[in-house]
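Engineer: Need coordinates for the below:
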Amino acid sequence: MLYHLLYPLKDQFSVLNVFQYLTFRMGGAIMTALLISFIVGPSLIRWMRRKQGRGQPIREDGPQSHIIEKKGTPTMGGVLILISMLVSCLLWVRLDNEYVWIVLGVTVALGALGFVDDYLKVTKQNTAGVIGKGKLVFQFAVALLAGWFLMQTLSHDPGAPQGLATSVPFPFFKNFWLPLGVFIIPFAAFVIVGASNTVNLTDGLDGLAIVPVMIASASYMFIAYLVGNVINADYLQIPYVPGAGELAVICAAIIGAGLGFLWFNAPPAMIFMGDTGSLSLGGAIGTIAVATKHEIVLAIVGGLFVLEGLSVMIQIASFKLFGKRVFKMAPIHHHFEQMGWKEPTIVIRFWIIAVILALIGLSTLKLR
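Structural biologist: Residues are numbered from 1 along each chain as shown. As a prediction, this is how the structure comes out:
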């Protein structure tokens with residue numbers, strides 16, 4: 001919004017020329033989202049406490065320490081993240097960019113699903129929430145629609161490389177694109193839904209999910225900035241995606257909103273993210289990965305989320321097939337809790353892993 005209001009006045013006020021630069025608007029998005037979080041956060045948390053009463057229900061079959069330590073903590077902290085992020089985005093992005101609206105559409109839709117899920121858990125005081133199959137159907141419907149729009153947007157852009165819209169580029173290779181044709185749409189949906197659900201699974205300890213989300217967002221902020229610039233993309237031999245650079249501003253807003261939320265979510269948490277935040281943030285990152293044509297890299301940058309998701313699938317498959325559990329408890333962060341690791345130890349070590357994986361993922365931009 002600020003770009004459209006102020007940049008046209010650059011001839012009268014030369015200082016307003018800065019609004020054309022992504023780096024300036026990225027910085028503005030981070031600081032705006034952070035400031036909104038600090039202003040809105042305390043009031044929102046007090047309101048959540050009054051409305052939710054007993055707070056988020058704690059699973060009886062989870063770690064016993066959670067029943068004592070986390071009982072009564074309000075959830076739906078994702079509302080704070082979404083308010084901060086969306087307001088910041090609307091102020092700092094170019095509103096004439098189609099990629100922006102696709103990513104924000106997915107974020108809001110999955111945030112609404114998470115909100116309903118959290119609301120049912122709080123009001124009914126059980127951990128069931130939205131029926132699992134219904135949740136997946138809604139997620140895939142949103143993701144398939146997003147995948148179609150992303151394909152159409154890129155395929156109709158005359159500046160985009162031929163065939164990129166329906167192909168999946170592979171990291172570490174300069175010109176190896178896997179052509180999927182129309183199957184790029186279900187592939188995109190798988191990436192978006194997978195990212196949404198694995199972030200959701202990671203959100204089990206204070207601060208555990210939000211920092212890796214910020215790390216992944218910072219990685220894709222850098223990636224979006226590069227793929228959206230034809231000179232940088234050509235130099236690094238990565239696919240050029242016209243207009244994708246604007247997604248760097250959204251990533252910056254996620255970082256700012258995440259920092260603000262972490263202030264209140266740091267151990268001991270004053271509020272939990274809930275599905276409102278985890279489903280929407282995971283969906284946003286997944287959609288940005290698809291839009292920037294770095295879907296495979298997300299499996300590296302978001303490797304911690306992949307690990308959490310795999311631990312659950314392995315646990316379920318092992319128990320159903322052999323009647324045995326591979327982990328003491330899944331997702332895997334609970335396994336380490338059962339081994340006697342303290343919560344801050346698990347959280348900080350997982351943050352370190354997330355940083356290492358992000359650096360490996362970013363190295364694929366040059367190692368081609």
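
Engineer: If we go by neighbour counts, what in the helix or strand hosting residue 361 is buried?
Structural biologist: According to DSSP states H and E, residue 361 maps onto helix 343-363. Within helix 343-363, the residues that count as buried by 16 or more other CB atoms under 10 Å are 343, 346, 347, 350, 351, 354, 355, 357, 358, 361, 362. Where you see a C-beta, it was placed from the backbone N, CA and C, and this is true even at glycine.

Engineer: Kindly report the same for stretch 32-39.
Structural biologist: Result for stretch 32-39 [16+ other CB under 10 Å]: buried residues 32, 33, 34, 36, 37.

Engineer: how many other residues sit next to the closest residue to the second one other than its chain neighbours?
Structural biologist: The spatial neighbour of residue 33 that comes closest, neighbours along the chain excluded (CB to CB, 6 or more residues apart in numbering), is residue 256 at 3.0 Å. By other CB atoms under 10 Å, the residues close to residue 256 number 28.

Engineer: And for residue 102?
Structural biologist: So residue 102, with other CB under 10 Å, has 23 neighbours.

Engineer: Report the secondary structure state of it.
Structural biologist: What DSSP: H, G, I helix; E, B strand; the rest coil gives for residue 102 is helix.

Engineer: That one and residue 291 touch, don't they?
Structural biologist: Yes. Counting by CB atoms under 8 Å, residue 102 touches residue 291, with 7.0 Å between them.

Engineer: so what sits against both of the two?
Structural biologist: residue 150 (CB atoms under 8 Å, 6 or more residues apart in numbering).

Engineer: returning to what we had before: from residue 345, how far out is the residue nearest to residue 33?
Structural biologist: 28 Å (CB to CB, to the nearest Å).

Engineer: Would you mind confirming that the residue nearest to residue 33 is in contact with residue 88?
Structural biologist: Yes. Look at residue 256 against residue 88 with CB under 8 Å: they come within range, at 6.2 Å.

Engineer: any common contacting residues for the two?
Structural biologist: 29, 30, 32, 33.

Engineer: any low-confidence regions in the stretch 1-150 of the chain?
Structural biologist: 53-71, 126 (pLDDT under 70).

Engineer: related to what we said a few turns ago, so which of the buried residues of stretch 32-39 are in helices?
Structural biologist: Counting by DSSP state H, these place 32, 33, 34, 36, 37 in helices.

Engineer: Now distance to residue 177 too, for those, in TSV please.
Structural biologist: As requested, these are arranged in TSV below (distance: CB to CB, whole Å):
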residue	distance to residue 177
32	37
33	35
34	38
36	40
37	39
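
Engineer: and which of those is nearest to residue 16?
Structural biologist: The shortest approach to residue 16 among these belongs to residue 32, at 17.2 Å (CB to CB).

Engineer: Now that closest one: closest residue in space that isn't a chain neighbour?
Structural biologist: residue 88 is the one closest to residue 32 (CB to CB, 6+ apart), at 4.2 Å.

Engineer: What of residue 209?
Structural biologist: For residue 209, the closest residue by CB to CB, 6+ apart turns out to be residue 203, at 3.8 Å.

Engineer: What is the neighbour count of that neighbour?
Structural biologist: 28.

Engineer: which phi and psi does it have?
Structural biologist: Main-chain dihedrals, residue 203, degrees, to the nearest 10: phi -80, psi 80.

Engineer: got a list of what it touches?
Structural biologist: By CB under 8 Å, 6+ apart, the contact set of residue 203 is 209, 272, 273, 274, 277, 278.

Engineer: Switch the residues you listed over to TSV; also include pLDDT, neighbour count and secondary structure.
Structural biologist: Output for these, formatted as TSV (pLDDT from 0 to 100; neighbours: other CB atoms under 10 Å; DSSP: H, G, I helix; E, B strand; the rest coil):
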residue	pLDDT	neighbour count	secondary structure
209	95	30	coil
272	91	26	coil
273	92	32	coil
274	91	27	helix
277	96	34	helix
278	96	31	helix
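
Engineer: List just the nearest of these to residue 305.
Structural biologist: residue 209 (8.5 Å).

Engineer: Can I get the contacts of residue 203 in JSON lines including distance to residue 141?
Structural biologist: Shown next, in JSON lines, are these (distance: CB to CB, whole Å):
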{"residue": "209", "distance to residue 141": "24"}
{"residue": "272", "distance to residue 141": "27"}
{"residue": "273", "distance to residue 141": "23"}
{"residue": "274", "distance to residue 141": "22"}
{"residue": "277", "distance to residue 141": "21"}
{"residue": "278", "distance to residue 141": "19"}
